[in-house]
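1. Have a look at this prediction, sequence included:
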Amino acid sequence: MPELALDKQRIVTEAVALLDAEGLDGVTTRKLAARLGVRSPTLYWHIPNKAALVTAIAEAILEQQFPELASPAPEERWQDWLIGLAGRLRHALLAHPDGARIIAASQLSLKMAAISELAMSTLVGRDIPLRQARLIVLTVLRFTVGFVLEEQVGRPDADALDGFDMDAYAAAYPTVTAGVAEYFQPGRTVDDLFRDCLEQIIHGPAATSSGPRPGTG
């Protein structure tokens, strides 16, 4: 019988497929049970509540990008490695609709804990004080999730812009407008923005903890 064949892995796989089809708001136990061909109470034998389901989906999403975690090579600068780690996290979240919302809402994600542990221990191993290592890693990871949250919301649609006075906005906020226009020159993308923001986060603290960046004095 189908219910006897049900296990947690099958539930999570189908939940990720439901997420891809309908987004986080569409992930309900009723819809998930229907996709699995079981009754909703059957799911609770394996996953007790919606919070546990969200966490299980988060683990699956992260596992796709981080099947294993590796420290940087001895010759690799930790700053470059940490930027790469954040980039992989961003790709993991962007691979699924509402991926950032899933991670933000998940509780007790062991994979996120493992990522944080590796990053912090790497920095401590490079002579960054523990407190500073935690703050750097926390800032990088939360920035990454927040950045993707905005990416996945998307740009304002035509209805949102209907009646919006862009000229008045530019006149009221000239520095903001000029900054956006200056940054997004031809060929520059949101990927560049993500990396440049990380550079500001990471190399600022690095200058006070492990000396200036090469070529900066």
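-> Noted; the coordinates are in hand.
2. Please list all residues in contact with residue 48.
-> Residues near residue 48 by Cβ atoms under 8 Å, 6 or more residues apart in numbering: none. Any C-beta I mention is one placed from the backbone N, CA and C, and that applies to glycine too.
3. Can you give me the distance of residue 199 to residue 76?
-> 16 Å (Cβ to Cβ, to the nearest Å).
4. So which residue is dead centre in the chain?
-> residue 145 (3.7 Å; Cα atoms, centre = their mean).
5. ok, that one touching residue 104?
-> Yes - at 5.6 Å, residue 145 and residue 104 qualify as touching, with contact defined as Cβ atoms under 8 Å.
6. can you pull out the helices in this structure?
-> 2-5, 8-22, 29-36, 40-43, 50-65, 78-94, 99-105, 110-125, 130-153, 158-161, 166-172, 174-183, 190-209 (DSSP state H).
7. burial count for residue 166?
-> 9 (other Cβ atoms under 10 Å).
8. same check, this time on residue 140
-> 21.
9. From residue 131, how far off is it?
-> 15 Å.
10. Also residue 31?
-> Residue 31 is 45 Å from residue 131, by Cβ to Cβ.
11. Looking at these two, which is more packed in?
-> Neighbour count, other Cβ under 10 Å: between residue 31 and residue 131, residue 31 has more, with 16 against 8.
12. Confirm for me that the more buried one is in contact with residue 22.
-> Yes - applying Cβ under 8 Å as the test, residue 31 and residue 22 come out as touching, 7.4 Å apart.
13. Let me see the contact set for the residue nearest to the centre of the chain.
-> Going by Cβ under 8 Å, 6+ apart, residue 145 touches 89, 93, 100, 103, 104.
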